[in-house]
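Participant: Quick one: sequence and predicted model below, then my questions.
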Amino acid sequence: GAGVSQSPSNKVTEKGKDVELRCDPISGHTALYWYRQSLGQGLEFLIYFQGNSAPDKSGLPSDRFSAERTGGSVSTLTIQRTQQEDSAVYLCASSSRVQGGRDTQYFGPGTRLTVL
Amino acid sequence: AQSVTQPDIHITVSEGASLELRCNYSYGATPYLFWYVQSPGQGLQLLLKYFSGDTLVQGIKGFEAEFKRSQSSFNLRKPSVHWSDAAEYFCAVTSGTYKYIFGTGTRLKVLA
């Protein structure tokens, strides 16, 4: 079946502009995650959505970052007033939350964001 | 605090040679462990995972990993590397919550 998709694949923007990154999870997956991958770094957790529960936003680095998930499916990560340090690959993942936590996250191809 | 260490930032092997990528974790509870591979410009693809049971886990693309509780390790192995295995490899751990802890990755280069 279809995997996790993300758009755009690449985004170049000027410092101070707002950007929106989109994630379409695997159909039926109730959990959705956003990560940031900076050059030479591991994956940094940003935010987690599970069904209709309040999202875990504990990883968002500043109030310039926000995310929504509409209808329990598509998610949008918004970065306002972008800064050069926001340049990174933003990865989305989804999973079907299995009881006991034995779920597996499936990743999209990512959006490479470059802030000039 | 929970952590995952991949001590090797870069590894270079010749095509056909064996491969072992190291992963050590620091965790109080029984961990759930994963290996992912990321090819250039791509997202992460799951290679294999360990939840319980047999400590030697088989994955896709001929990879395997062994969970050693006494050494807090989950090393990834492949008996014969192919040029297409050149990529970055990430180890991850969770206690069964949604929060994965990822290592910083090991970049594999394969010499022809």
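Facilitator: Arrived safely.
Participant: now the residue most central in space within chain A: how far from chain B?
Facilitator: Central residue of chain A (C-alpha atoms, centre = their mean): residue A:34, 2.8 Å from the mean position. Separation of residue A:34 from chain B (C-beta to the nearest C-beta, to the nearest Å): 12 Å. Heads up, the C-betas are built off the backbone N, CA and C, glycines and all.
Participant: Mind listing the residues bridging to that residue?
Facilitator: When assigned by DSSP bridges, residue A:34 has beta-bridge partners residue A:47, residue A:92.
Participant: which residues touch it?
Facilitator: A:23, A:46, A:47, A:48, A:67, A:75, A:77, A:90, A:91, A:92 (C-beta atoms under 8 Å, 6 or more residues apart in numbering or on different chains).
Participant: model confidence over stretch A:54-67, on average?
Facilitator: Across stretch A:54-67, pLDDT averages out at 94.
Participant: Endpoints of it, how far apart?
Facilitator: 12 Å (C-alpha to C-alpha, to the nearest Å).
Participant: Report the buried residues of it.
Facilitator: Judged by neighbour count using 16 or more other C-beta atoms under 10 Å in any protein chain shown, the buried positions of stretch A:54-67 are A:55, A:56, A:59, A:60, A:65, A:67.
Participant: can you pull the pLDDT of residue B:45?
Facilitator: According to the prediction, residue B:45 has pLDDT 93.
Participant: ok, what's across the strand from it?
Facilitator: Judged by DSSP bridges, the bridge partners of residue B:45 are residue B:37.
Participant: ok, it - contacts?
Facilitator: A:107, B:36, B:37, B:38, B:39.
Participant: Smallest gap between chain B and chain A, at which residue?
Facilitator: Proximity to chain A, evaluated over chain B using C-beta to the nearest C-beta, is greatest for residue B:96 at 2.8 Å.
Participant: How much space separates that residue from residue B:78?
Facilitator: 28 Å (C-beta to C-beta, to the nearest Å).
Participant: For those two, indicate the residue with more neighbours.
Facilitator: Neighbour count, other C-beta atoms under 10 Å in any protein chain shown: between residue B:96 and residue B:78, residue B:78 has more, with 21 against 16.
Participant: wait, doesn't the more buried one sit right on residue B:19?
Facilitator: Yes. In terms of C-beta atoms under 8 Å, residue B:78 counts as a neighbour of residue B:19; the distance is 4.6 Å.
Participant: Name the residues contacting each of the two.
Facilitator: residue B:85.
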